[in-house]
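Undergrad: could you look at this predicted model? Sequence included:
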Amino acid sequence: MGIHIVRLGSERAKDEGLRIGTVRRPPRGVPKTEFASQNWYDVWFPNLAPSLETMKAAHSAATPAQWAAFKRKYRTEMAKPDAARTLDVLAALSHSANFSVGCYCEDEAHCHRSVLRELLVERGAKIV
């Protein structure tokens, strides 16, 4: 049981479970009916994606200080009640179900999913 943190579009791990896309926009040029079969995601959940402004800060972060600023902004967004409750639910579910959350970025270390991983761990989530 637990949460897999994944790159959307990658091959699915055994027992990965439901794949949740925590991205601002669906994949371009892919019919909605093929999102799951092409390993993008089963459910689109942009509620855990950075806002457009914060996402732009992540993409343009070229220094450790800029990346730290992005992380602070994203953590502030995820501290808002709706996002915080969602993270709490996912953390609790991680002890009784397999599922995954992810984003398109190639490098997790320079992606909001690295921060999402931290936030889930801080809430007691079981990460696989």
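TA: Received, thanks.

Undergrad: got a pLDDT number for Lys14?
TA: In this model, Lys14 is scored at 89, pLDDT.

Undergrad: any idea how far Val128 is from it?
TA: Lys14 sits 10 Å away from Val128, going by Cβ to Cβ, to the nearest Å. For glycine as for every other residue, the C-beta is placed from the backbone atoms N, C-alpha and C.

Undergrad: and these two? Which one has more around it.
TA: Ranked by neighbour count (other Cβ atoms under 10 Å), Lys14 and Val128 place Val128 first, with 15 against 5.

Undergrad: which ones are touching the more buried one?
TA: Contact analysis of Val128 by Cβ atoms under 8 Å, 6 or more residues apart in numbering lists Gly2, Ile3, His4, Ala13, Asn98.

Undergrad: which one (most neighbours) among these?
TA: Of all those, the highest neighbour tally under other Cβ under 10 Å goes to Ile3, namely 26 neighbours.

Undergrad: tell me what the helix or strand of the chain with the lowest mean pLDDT is packed against?
TA: Sorting the helices and strands of the chain by mean pLDDT, DSSP states H and E puts helix 52-60 at the bottom, at a mean of 93. If contacts are counted by 3 or more Cβ pairs under 8 Å, 6 or more residues apart in numbering; DSSP states H and E, helix 52-60 sits against helix 64-78.
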